[in-house]
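A.B. asks: Everything below, folded, please.
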Amino acid sequence: MAHVGMMTDTVPTLLSFGHGFSARALSRKLIAQGWRVIGTTRSAEKAEALRKEGVEPVIWPGSDMAPHLADATHLLLSAAPDDDGDPVLAALRDEIAANAGHLEWVGYLSTTGVYGDHQGGWVDEQTALTPATRRGHQRVKAEAQWQALAEEAGLPLHIFRLAGIYGPGRGPFAKVRRGTARRIIKPNQVFSRIHVDDIAQVLAASIAKPNPGAIYNVCDNEAAPPEDVLSHAAKLLGAKLPPEEDYATAEMTPMARSFYAESKRVRNDRIRKELGVNLLYPSYREGLAALLALEEQP
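C.D. replies: Next up is the predicted model:
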């Protein structure tokens, strides 16, 4: 057992809870650098997909996480909260606290939804948290729970508030091609976005330069109305513009409608100045062009 311990001491090891879209983008970078990545998932099918990417999958809930926490040098938390807050803390708070001493970096993936609606105005990391949606309230609660544990146990916590995430397989092109895309028009509505590869870049930069207690907004340089993004996607495809629909009368799911409950422009100065991040995709234009080029590869 001592030999195994010596090995894990020399290999940086990321334990990733809720190893989804953003975490997978980070793990591709880290594995290429020789890291060991352990990722939790709920299904055997997803576990197999992770294994093919070089991640050591763990079905959780349902597995003993003690040995994995003991091995981890870095912790990433992507699991969605519920009304009680963070599910990882609910299950493993004491175990995480007990392992705080050997963790070099802990990252919690939150959302810019914690700021609520600012009617198109600017927000930064100092802006008061006034969430307008249930999901936003859940994230505020989970952030506070992690901050409390960090203070109590000396956990090197970093919070990342992510804007709307897009990337390979998560762009507007499929809807435009199918003819199901709609330009929902709501006056003064703007969203901030972030390409998943830029999320990975920000997380890797933070891992390389830890600053426990830091909070970072993770978004690109240009908040934009959603209809502009769809129009640009149609233009790139040479397709006709998706039809316009008034937000007030459009048929939408409650989830879709909730995204329009908030309008704000998110500042990203901190990731650029403190972490030295030079965004790969500073706006949706570069991001969509890259996604289309990727789709068109043979």
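A.B. asks: Which residue, other than its chain neighbours, is closest to Arg93?
C.D. replies: Leu149 (6.4 Å; C-beta to C-beta, 6 or more residues apart in numbering). For every residue, glycine as well, the C-beta is placed using N, CA and C.
A.B. asks: The one you found: neighbour count?
C.D. replies: Other residues lying near Leu149 total 20 when counted by other C-beta atoms under 10 Å.
A.B. asks: so it is in which element?
C.D. replies: helix 134-153 (DSSP states H and E).
A.B. asks: now the helices for this structure?
C.D. replies: Using DSSP state H, the helices assigned to the chain run over residues 2-10, 21-32, 44-52, 66-71, 87-98, 134-153, 173-178, 196-208, 226-237, 254-259, 269-273, 284-295.
A.B. asks: List the buried residues of the shortest one.
C.D. replies: It stands for helix 269-273. Buried positions in helix 269-273, judged by neighbour count with 16 or more other C-beta atoms under 10 Å: Arg270, Ile271.
A.B. asks: so how far is it off the chain centroid?
C.D. replies: The chain centroid and the centroid of helix 269-273 are separated by 17 Å under C-alpha atoms, centre = their mean, to the nearest Å.
A.B. asks: Which other helices and strands does it contact?
C.D. replies: strand 215-218 (3 or more C-beta pairs under 8 Å, 6 or more residues apart in numbering; DSSP states H and E).
A.B. asks: can you check the longest one too?
C.D. replies: Packed against helix 134-153 by the contact rule (3+ C-beta pairs under 8 Å, 6+ apart) you find helix 87-98, strand 105-111, strand 157-162.
A.B. asks: How about the fifth one?
C.D. replies: Contacts defined by 3+ C-beta pairs under 8 Å, 6+ apart place helix 87-98 against helix 66-71, helix 134-153.
A.B. asks: For the shortest one, give me every contacting residue.
C.D. replies: Among residues not part of helix 66-71, those counted as contacts by C-beta atoms under 8 Å, 6 or more residues apart in numbering are Thr8, Thr13, Leu15, Arg36, Ile38, Val58, Leu92, Glu95, Ile96, Ala98, Asn99.
A.B. asks: Go through the residues you listed and give me the one with the most neighbours.
C.D. replies: Leu15 (27 neighbours).
A.B. asks: Roughly how far does the closest residue to it other than its chain neighbours sit from Ala256?
C.D. replies: In this structure, Leu15 finds its nearest non-sequential neighbour in Ala72, 3.7 Å apart by C-beta to C-beta, 6+ apart. Separation of Ala72 from Ala256 (C-beta to C-beta, to the nearest Å): 37 Å.
A.B. asks: Who has more neighbours out of the two?
C.D. replies: Ala72 (24 against 11).
A.B. asks: closest one to Gly107 among the helices of the chain?
C.D. replies: helix 196-208 (5.9 Å; C-beta to C-beta).
A.B. asks: How far off centre is the closest one?
C.D. replies: For helix 196-208, the distance to the chain centre is 10 Å (C-alpha atoms, centre = their mean).
A.B. asks: Output the contacting helices and strands for that helix.
C.D. replies: Helix 196-208 makes packing contacts with helix 21-32, strand 105-111, strand 157-162, strand 164-166, strand 215-218 when contacts are defined by 3+ C-beta pairs under 8 Å, 6+ apart.
A.B. asks: Go through it and flag the buried ones.
C.D. replies: So, applying 16+ other C-beta under 10 Å, buried residues of helix 196-208: Val196, Asp197, Asp198, Ile199, Ala200, Gln201, Val202, Leu203, Ala204, Ala205, Ser206, Ile207.
A.B. asks: quick one: which of those residues is nearest Ser27?
C.D. replies: Using C-beta to C-beta, these come closest to Ser27 at Ala200, 8.4 Å.
A.B. asks: Please name the nearest non-neighbouring residue to that closest one.
C.D. replies: Here the residue nearest Ala200, using C-beta to C-beta, 6+ apart, is Ala25, at 3.9 Å.
A.B. asks: Fine, thanks again, bye for now.
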